[in-house]
Every structure is written in C-alpha cells, then in structure tokens.
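Participant: For reference, the sequence and a predicted model appear below.
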Amino acid sequence: MTNDPGLTTPGPRRTGAPLITPVKVPKPAELFADMLREKIFSGEFPTGEALPPERTLVEQSQLSRATVREALGVLKQQGLLITRPGRTGGSIVSRPTTKDLVGSIDLYVQAQGWDSDTRTLVETREVVEPWCAAMAAERRSDSELDEMRHHNSAMEADLDHVERYLEASSAWHVAVATASHNPLLSALMHASRQAMITGTQASRFHRHEAREQSWQAHLAITEAIAAQDTAHAHELMGGHVRPGDGSVTDLLGG
C-alpha cells in the first residue's frame, strides 16, 4: 500500500448507495411529433392549412422519410392532422372534435367493463349532472328545451316498454348535458350513455311505479330548466341521480 497522500484506497462500497437506472431516450419520431404539435398549438401551422410536403419535412428535419411518416401518423391519430387527397391536399392541420373526445372516453369506459352500478360512474354522475342541469338552466336554447320535452314525452309513451323507456331516459340526460354548452361535460354524458343503458336492466326498472317516478322527476327538472332556475335545477338533479337507501337508484332517471 502506498503512503502517497495524493492517492487514496477505495473503501468498501456503501450499502444502499444510489443506482443509475436506465435512461429512456425518445424515438426521433416522437420528438418530431412533439415539435410539430407545439407549432400547431402555437398557431405557426394554423388550423385548416396544409403542412409542408413530406419531402420538405424530410429535408428540413434531416430525418428519414419513415420517421417523418411515423410522426405524421401519430398526429393523425390524435386528431391534429387529416389527409386531403389531390394536388392541393396533403396533411391538413385540424383539431380534435367533440366526437373524437366522446369516442376516446367511450372506449375507455367500455375497456374497464363498467356499467351504471360501478362506483366510478355513480360518483361521476353525482358530481357532473347537477351542474349540467344548472348550466342548462342558464344557457339552454328553445330548441334544446324542446328536445328535453320530446324525450320526456317519449318516456311517458313508453312507460310500459322498459327498453324504449330507458333509451328515452338516457337521451334526456344527454340532452340536458348538451344544453349546458360545456363540451367536456357533454362528452362525459355521451360517452357513458351506453354503459348506463346496458347496466340499468335491473329489476327495479321493471316496476311501472319506478319508471313513472323517474319520468315525473324529469318533468320537474325540465321545468326548472325552462324557468332558468339554476339553483332549483341543480337541487332536483342532485336528488334525482343520488343513490338513496344504499343501493343505486335510477341512474338514468332517479
């Protein structure tokens, strides 16, 4: 062992010393998609206009044609680009639509296997629907109010037909959410509609009395919305979708 003070002998390795974990390096296509996405969001590539041709993107980015195509494919899946054929076509800058949002949420809900009795959907509707009703009371148009009343009439006509009754009931709830003029809340209701219908084929809805009570609740909420009474609409809808005696009540109606 040397006595040179400039040299040290390595000591024993400390237990619990920090370890270097593998570093994940993004793929070039991911980085290029991120760059294009930022330019779309900033307005450098305005909605409705075409991106530079693929050949130009390859030259400017110095990436391979396959990498550029992969990045463009990512943006198309996200609804930020659409393909327009023809000499004046190409990759056109777009924006995700409400339909795209509904489709994504609907796919997520179906993939979880949720139905209307699932606690997540129950809690979501308890929070969302009263506010949808309150906003609908403030913002609804006459045509949107007419649509709610149309679905109420359909419920009355189908009180003796469970399947059609549930269809009309869920359509009413979606109409209220749409009248809120909040696209995110409306998308939640649109996307969960099929889960509500599928999961509500319970014995409690086979009773005519339960269906009639639900229909009456719809009428009262609709009239509060018609009167633009936001507080009353919120209160009535809250009682309508809230579970009562520990079991989930009519999540399509109350």
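Facilitator: Yes, it's here.
Participant: next one: the helix or strand where Glu147 lies to chain centre, how far?
Facilitator: Using DSSP states H and E, Glu147 maps to helix 142-157. Centre-to-centre, helix 142-157 and its host chain are 25 Å apart (Cα atoms, centre = their mean, to the nearest Å).
Participant: Tell me if Ile92 really is in a strand.
Facilitator: Yes. Membership of Ile92 in a strand is supported by DSSP: H, G, I helix; E, B strand; the rest coil.
Participant: Identify the residues contacting stretch 135-154?
Facilitator: 164, 168-169, 171-172, 175-182, 185, 215, 218-219, 222, 224-230, 232-233 (Cβ atoms under 8 Å, 6 or more residues apart in numbering). Placement of C-beta: from N, CA and C, glycine included.
Participant: contacting residues around Ala187?
Facilitator: Applying Cβ under 8 Å, 6+ apart, we find Ala187 in contact with 98, 101-102, 105.
Participant: which ones among the residues you listed are found in helices?
Facilitator: Of the contacts of Ala187, the ones assigned to helices by DSSP state H are 98, 101-102, 105.
Participant: so for the helix or strand Ala133 falls within, what's the average pLDDT?
Facilitator: Using DSSP H and E, Ala133 falls within helix 119-139. The average pLDDT for helix 119-139 rounds to 91.
Participant: Okay, buried residues for it please.
Facilitator: Of all the residues in helix 119-139, those buried under the rule 16 or more other Cβ atoms under 10 Å are 121-122, 124-125, 128-137.
Participant: could those go into JSON lines alongside distance to Pro53?
Facilitator: Formatted as JSON lines, these follow (distance: Cβ to Cβ, whole Å):
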{"residue": "Leu121", "distance to Pro53": "46"}
{"residue": "Val122", "distance to Pro53": "51"}
{"residue": "Thr124", "distance to Pro53": "45"}
{"residue": "Arg125", "distance to Pro53": "48"}
{"residue": "Val128", "distance to Pro53": "44"}
{"residue": "Glu129", "distance to Pro53": "48"}
{"residue": "Pro130", "distance to Pro53": "51"}
{"residue": "Trp131", "distance to Pro53": "47"}
{"residue": "Cys132", "distance to Pro53": "45"}
{"residue": "Ala133", "distance to Pro53": "50"}
{"residue": "Ala134", "distance to Pro53": "50"}
{"residue": "Met135", "distance to Pro53": "45"}
{"residue": "Ala136", "distance to Pro53": "46"}
{"residue": "Ala137", "distance to Pro53": "51"}
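Participant: Show me which of those residues is closest to Gly238.
Facilitator: Closest approach to Gly238 among the buried residues of helix 119-139 (Cβ to Cβ): Pro130, at 4.1 Å.
Participant: list the contacts for that closest one?
Facilitator: Pro130 neighbours (Cβ under 8 Å, 6+ apart): 233-235, 237-238, 241.
Participant: Not counting its neighbours along the chain, what's nearest the residue nearest the centre of the chain?
Facilitator: Centroid-nearest residue in the chain: Ile105, 4.1 Å away (criterion: Cα atoms, centre = their mean). The shortest distance from Ile105 to any non-neighbouring residue, by Cβ to Cβ, 6 or more residues apart in numbering, is to Ala191 (3.5 Å).
Participant: what's downstream of the helix or strand hosting that neighbour, the next helix or strand?
Facilitator: Assigned by DSSP H and E, Ala191 belongs to helix 183-198. Heading C-terminal from helix 183-198, the first helix or strand you meet, by DSSP H and E, is helix 208-226.
Participant: what helices or strands is that following helix leaning on?
Facilitator: Under the contact definition 3 or more Cβ pairs under 8 Å, 6 or more residues apart in numbering; DSSP states H and E, helix 208-226 sits against helix 119-139, helix 142-157, helix 162-179, helix 230-241.
Participant: Now neighbour count and pLDDT too, for the contacts of Pro130, in JSON lines please.
Facilitator: Below are those laid out as JSON lines (neighbours: other Cβ atoms under 10 Å; pLDDT from 0 to 100):
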{"residue": "Ala233", "neighbour count": "29", "pLDDT": "97"}
{"residue": "His234", "neighbour count": "20", "pLDDT": "97"}
{"residue": "Glu235", "neighbour count": "16", "pLDDT": "96"}
{"residue": "Met237", "neighbour count": "30", "pLDDT": "95"}
{"residue": "Gly238", "neighbour count": "16", "pLDDT": "93"}
{"residue": "Val241", "neighbour count": "23", "pLDDT": "86"}
